[in-house]
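Participant: My questions concern the predicted model and sequence given below.
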Amino acid sequence: MTLVVSDISTHGIVMVGDSAVTCRKPGQPEEVVSNAVKVQYCPNANIGIAMWGYANAGSKRLDHWVASFLENDVGASDTVEGVGERLARKLNLILSRSGKKWKDLVCGFHVAGFREGLPCLYHVHCGHDNEPAHELSLHKDFPDDQKWSEYFFNYLLQHSFIHLRNGYHPLFGPLFDNILEYSKALRANFNISFPTKTLQARLDFYKLLVKFVAGVLPISGLAPRVSDKLSSIAFTPDGLEINEMLPLTHKNKHAKAGLTNYF
């Protein structure tokens, strides 16, 4: 399991992900390590990707596969939509060769960037909760699928929170909702803005919440499948503003035989 959150606003785009990898091998105890890079950035196209779910991509672990994809398959003229569709197409070919059913291969990718100066946040995944799992496909969640007018979308970017969250989102959701109420109380009673209206504050806000969920699990006697070691980025139409990506280490590149990784 994992926790990745991607947010778009008038300030730009922030993407935050933990680093936990759950490793499973038949007949052996489950192991959780913290060395995944689930949030990555492509400077060529000014696009970010956050990943979750099944994390074997042929002989490579998924984060290394994505890094290679962004470096070798994405160019400066590529759009967010084009990158999402290409990602799905290439990874479907690899996953279909695994011999597993799609319900055992469920994974997803937040794909975020800019279109005509405005942020957009798309999601490549294996199906919604109310449908059987299937091959990866692109969903243009924000703003396209919402059918918002440009005026209303701009209003939301300035005054609201627009994000995708995956992994331990059932724990993140109530926390986020209650934090919004806490934020309102801080503003009403102490004139404190939480978070302040900056890109850095927006990023730190989500980092705080992800780390909180990571702390909840062990305190509750649950496996630490969300790590407080985070990979995060923040970028604008002009490019990467805040780079807190973890380094990819070569020793984790290859998926070991018989070992299934999950983000």
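Facilitator: Sure thing, it's come through. Numbering: from 1, shown residues only.
Participant: going forward, measure contacts between C-alpha atoms and count neighbours the same way
Facilitator: Fine.
Participant: what are the ranges of the strands in the stretch 1-150 of the chain?
Facilitator: Along the stretch 1-150 of the chain, the stretches classed as strands by DSSP state E, counting those that start in this stretch are 3-9, 12-18, 20-24, 31-34, 39-42, 47-53, 56-57, 60-61, 107-115, 118-125, 137-142.
Participant: Any idea which of the ones you listed gets closest to Lys197?
Facilitator: Between Lys197 and the strands of the stretch 1-150 of the chain, the tightest spacing by Cα to Cα is seen for strand 3-9, at 9.9 Å.
Participant: Can you check which of the strands of the stretch 1-150 of the chain gets nearest to Leu186?
Facilitator: Between Leu186 and the strands of the stretch 1-150 of the chain, the shortest separation by Cα to Cα is 21.3 Å, and it involves strand 3-9.
Participant: can you list the weak-confidence ranges in the protein?
Facilitator: 257 (pLDDT under 70).
Participant: tell me the contacts of Leu24?
Facilitator: Residue 24: Arg, not Leu. Contact criterion Cα atoms under 8 Å, 6 or more residues apart in numbering gives 30-31, 259-261 as the residues in contact with Arg24.
Participant: how does it look with 6 Å?
Facilitator: Under the criterion of Cα atoms under 6 Å, 6 or more residues apart in numbering, the neighbours of Arg24 are 30, 259-260.
Participant: do Val106 as well
Facilitator: Going by Cα under 6 Å, 6+ apart, Val106 touches 53-54, 126.
Participant: Put together JSON lines for those, with neighbour count and distance to Ser227 on each row.
Facilitator: Putting the contacts of Val106 into JSON lines (neighbours: other Cα atoms under 10 Å; distance: Cα to Cα, whole Å) gives the following:
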{"residue": "Gly53", "neighbour count": "23", "distance to Ser227": "15"}
{"residue": "Tyr54", "neighbour count": "21", "distance to Ser227": "17"}
{"residue": "Cys126", "neighbour count": "23", "distance to Ser227": "24"}
